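1. sequence? don't have it. structure:
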């Protein structure tokens, strides 16, 4: 590890005096020789003084960063309409602690700068990247050849909507007729769609195979006149042809997300898929499974979210695979909450990570676990905590909401609920109404109705109380029930049962603590020491996990193991424990503007292109195991499946792919598999990208629509689980748009995602756009009509009567608002237009919010005593009946419903022993604070911090393998023995990097920093309208070894993945470093 | 372009030692001696931080209050000092980049590097971070070596450079034992010629607008165009004097996400820096050099 800005002297040299001696000084007079003019402020010289533009309120706009998804509040400072400095927004809790009271006058806050990280500060270079696109590009050569022509916006929209021989100018595509969107949007009748949807659901709900087939026949008969609208009438559950349009995205935030999802809804496709699984999907989807609620007799409504430690108030935090001084939502907000407390010894941390991160450098203990063994390490701690009885017994024994409340808790677990044990395996939770005790049932089933009026039968759960079975209503707020914690018994009818906690105990008892420690390869004494600390601070301790445990094939169970440990601590909703994000709503339903309203929308239905949210076994595609590809009943946004599923045309072929702000070819493990598919016009007939530059995925598109950078657009950034206050940072236009203008619905707009969506909506007359889009008198012909109303909703607050509305901006603030936007063109800022959209009454409130960069609850409002003010306050599933009812599509085995250690496995359930043969080094990745995967290479300020990433290798491995520092090596693996990126169109890039020797990686593990080794985004030359645009060498520097990451041995065109939680496998591959230069 | 600039710099260096007659012409009026610093009542700034104080406020606000209090004194009564608590430094380089952005520093010019050093052997490893601004020495070795008196130490303790006087001889670079001075070779981060928006890249965006806005160092405007100062000059940290004037802390302080950098008036017993000096065993770098730095460290 070296410092590249200042490489020559070490800290030691400075301290010990090793630095070189200065040149002997020339004699100089210290006398002042002349009187200087008195008006000089700092430096008296002939050069006139000049004002400091960056401290003037009219040169400042608050917004939200998007250099990474931490999304810190930013204070953009302008000189002549150009952002030249970005600092932290002091109103925003990310960057100042405590943040300024929301009522602070904007003029009073002017000189307060708050802190953000280096790439946040360098973000202006993303906006002013010379490689920014300004016109619509159409492919002039083969996909991936990077030959382009500029075309008018109107032409591009027409071609995409109407199709035709669009690429007759490209050799080989003379006769290729592209189906336009109009050909695909076949189902447009809302009534028909709703009927078909209901009929498909009936097919799915039918368990009997013959009856299921009969329902299909009935569907075909009933909808005989409309079967041409379906992808495959033999499989009506694939849905309408509309589903052959796939809208995908990388980083999409609310606001823009509302627009893009509205677009998908208007097109009638179920296929709107995000990127979650490339980040920490299995963290999200494990927590979704944990947060499923028992509603209407089943487990549902789990939230796609997760908890993090209350960084500021925890006394002890074990960070697992979390590198929050460099990434992980994120450096400015969490560093400030930790460093002082670490120094003052109010907080102690431990870090489990194969790499010694900057976070680990501040830790009391580092557990350098073997990659992929998180669950083993967690189970070792769980065993110790259970055996030593250092868990929160009161919290765990609370079996329903009333018990939680009586115990002073807000959340409760199902740790005591009894689980049926069938053939020694845990299955469904026992229902009281099914337990027959000498002829009477433990409880009578009750007819109840759900909140939305659906009747259901409540059969109740069962716990043991002092060894006797007792019925329990999980949501009962009146009668507390506390169950026995450890139950291994038979019900009176002989049914073997265990409590969820007993199942966890037995799982933890599969090995001794020493054995678990040995699997993770960390000292047993450290496992015990950390477990002891974790259980020494009551509820003010937490295990905070991030990508590390999640991005493995066993990610779901790794995360579940760590979260189970948190449940043992009973720390949910506690100050200093595990907390969740809380945001102000912008969608406005029942309050001000209902932005979810979508008149004329059809019900999208059918299997999604990534096969999520439905059990394979329910569909008409079920054909035994293994399924052709994996199904994901518990997760969504399976990024790695979007393009490979299209490649296999499973479950169906896709005709049009839209990609917004995504670079799956670069970001995904084995992303090269996506390139091959994208280059194939037969598999992907139409590919449209929205990007600010020609990016590493958009370069394969047929059309690239220039987009606005984060400094030119609207979004609602939302929050993160480590922020206890309720917030909603607003991203708003700070600079004039870089792209050229176009016209949609009669309005001039900058080329952008918005004009792309609105342009298509106008051409196809899609419902929910244009006149009366949200209802009578509420149009969506201009993006401001969505975004300004969203801000108005935010300003209005959560109370239907408006009693939570923000204050009005006063006259001085209103004037400042105008002045600070004097550089923005009318396409962006037009006070009359903005005011008309939100109305006279809301206008000064909207200004108030925008003048502060969003809405932020005051610092002191975050807690009520020792509890958070915005608690999760619901059931936590230690045992997951729903998960246990799902089946692994590759093996046909049921998925366990509890925390356990699952080894790294491929789709067929095989451990990758063969793939490891001859490849001796486990490869992981890491993030440096200066880069965010694919976007920050555009920022030249960041380059000198680490111009070339290299491959981190432990000296012991280097010695064993005969490698030396600085040597160039090629990264090869069993599934990429050539060590190359096939970039399509005859281009390639070898995965060559320099060896960096360091003690900061676990021996046997190598790592590289993400964000290097680019082949697009200005790194490579392109041809536009016959003119060569040269790439910058700087941007291609370093190595990006994702293509060495294993592809699944059976599926081949996809990386390895977590079949349950959906995460990609980032940290399971073994590689070999092939020396290129002599050792 | 860069060649000619280099020649110009080298020419100027010769002038510095007084052997090039041609250069002496150029430098004639540069030998006027050190001008007086702004002192006395004119340097008093009636600033305020109109944010209600609270006991647990962010040290950034506390220090800003300390700063405006100090600005109510005359320049010669202030005793600027910086404390860097390396235990809180997370090695993020926010200060490095914050400084580069604030002062519009070109490639190769860095006022505030952070040295990262790895120690120990697996699994007993440590990473140390050492931010290293100009030490604002009480006895700055860089000052007496300047042949044109373009650099001097102000009454408040900050060593400054008048770029308009500096001839780019780089003696001061050599004299500084901390390597705190770097030379502006006139380079740009974005090659303006290769990326000229109007000619070469008709489809792509405008080139780096941020690189051509004037910097505000020393409360003046500096346009890095042609051969104008500060191109060709020695450059160094000045504790963001231009920000202090308006009641703002140095950029490396306000950007510090770990709140490891403290700044204030050491002569004010109520300031946070005075408190830290009293409470901690603070140290300076290279004490044996006798430079008496105003930047102190807590390790």
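-> Okay, I see it. Because the structure is a prediction, the values reported are computed rather than measured.
2. where does the chain dip in pLDDT?
-> Looking at chain A here, since you left the chain open. Within chain A, the stretches with pLDDT under 70 are A:1-40, A:1079.
3. not quite, I wanted chain B
-> Where chain B drops to pLDDT under 70, the residues are B:1-35, B:191-203, B:205.
4. Let me see the ranges of the helices in it.
-> Here chain B has its helices, by DSSP state H, at B:2-16, B:21-27, B:59-71, B:94-102, B:171-175, B:241-244, B:251-254, B:272-279.
5. what helices or strands is the last one leaning on?
-> It refers to helix B:272-279. Contacts defined by 3 or more Cβ pairs under 8 Å, 6 or more residues apart in numbering or on different chains; DSSP states H and E place helix B:272-279 against helix B:59-71, strand B:80-85, strand B:261-265. C-beta here means a position set from N, CA and C on the backbone, and glycine is covered the same way.
6. what's the angle between the helix or strand containing residue A:84 and helix B:59-71?
-> Residue A:84 belongs to strand A:82-88 when assigned by DSSP states H and E. Interaxial angle, strand A:82-88 versus helix B:59-71 (axes from the mean of the first three to the mean of the last three Cα atoms, to 10 degrees): 110 degrees.
7. outside of strand A:82-88, which residues touch it?
-> Contact partners of strand A:82-88, identified using Cβ atoms under 8 Å, 6 or more residues apart in numbering or on different chains, comprise A:54, A:65, A:72-78, A:94-96, A:113-116, A:120-121, A:123-124, A:127-128, A:332, A:711, A:734-735, B:98, B:101-102, B:104, B:209-210, B:213, B:254-255.
8. what's around residue A:171, how many residues?
-> Neighbour count of residue A:171, defined by other Cβ atoms under 10 Å in any protein chain shown: 9.
9. and if you look at residue A:103?
-> When neighbours are counted by other Cβ under 10 Å, residue A:103 registers 11.
10. Let me see the ranges of the strands in the stretch 101-250 of chain B.
-> B:114-121, B:124-131, B:151-153, B:159-161, B:182-183, B:234-235 (DSSP state E, counting those that start in this stretch).
11. Am I right that residue A:1058 is in contact with residue A:559?
-> No. Assessed by Cβ atoms under 8 Å, residue A:1058 is found out of contact with residue A:559, at 9.5 Å.
12. Mind listing the shared neighbours of these two?
-> Jointly contacting residue A:1058 and residue A:559 under the rule Cβ under 8 Å, 6+ apart are A:282, A:550.
13. of the two, who's got more company?
-> Counted by other Cβ under 10 Å, residue A:1058 and residue A:559 do not tie: residue A:559 has more neighbours, with 36 against 30.
14. what sits against the more buried one?
-> Under the criterion of Cβ under 8 Å, 6+ apart, the neighbours of residue A:559 are A:282, A:283, A:286, A:287, A:545, A:549, A:550, A:1061.
15. What about the contacts of strand A:82-88, which are in helices?
-> Among the contacts of strand A:82-88, DSSP H puts A:120, A:121, A:124, A:127, A:332, B:98, B:101, B:102, B:254 in helices.
16. Show me the two of the residues you listed that sit farthest apart.
-> Farthest-apart pair in the ones in helices among the contacts of strand A:82-88 is A:127 and B:254; separation 21.7 Å (Cβ to Cβ).
17. Those two: which is more packed in?
-> A direct count of neighbours by other Cβ under 10 Å for residue A:127 and residue B:254 places residue B:254 higher, at 30 against 25.
18. I figured the more buried one hits residue A:116, correct?
-> No. Here residue B:254 does not reach residue A:116: they are 9.6 Å apart, not a contact under Cβ under 8 Å.
19. Burial check on residue 186, number of neighbours?
-> All of this refers to chain A. A count of neighbours around residue A:186, defined by other Cβ under 10 Å, yields 16.
20. oops, chain B please
-> Applying the criterion other Cβ under 10 Å, we find 25 residues in the vicinity of residue B:186.
21. go on, residue A:570?
-> Neighbours of residue A:570 (other Cβ under 10 Å): 24.
22. Repeat that for residue A:955.
-> Close neighbours of residue A:955, defined as other Cβ under 10 Å, add up to 17.
23. Next up, phi/psi of it, please.
-> Dihedral angles of residue A:955 (phi, psi; degrees, to the nearest 10) stand at phi -50, psi -30.
24. same thing with the one 4 residues further on?
-> Phi and psi for residue A:959, reported as degrees, to the nearest 10, are phi -70, psi -40.
25. Nearest to chain B: which residue in the stretch 851-1000 of chain A?
-> Residue nearest to chain B within the stretch 851-1000 of chain A: residue A:940 (3.9 Å; Cβ to the nearest Cβ).
26. Sweet, I'm off.
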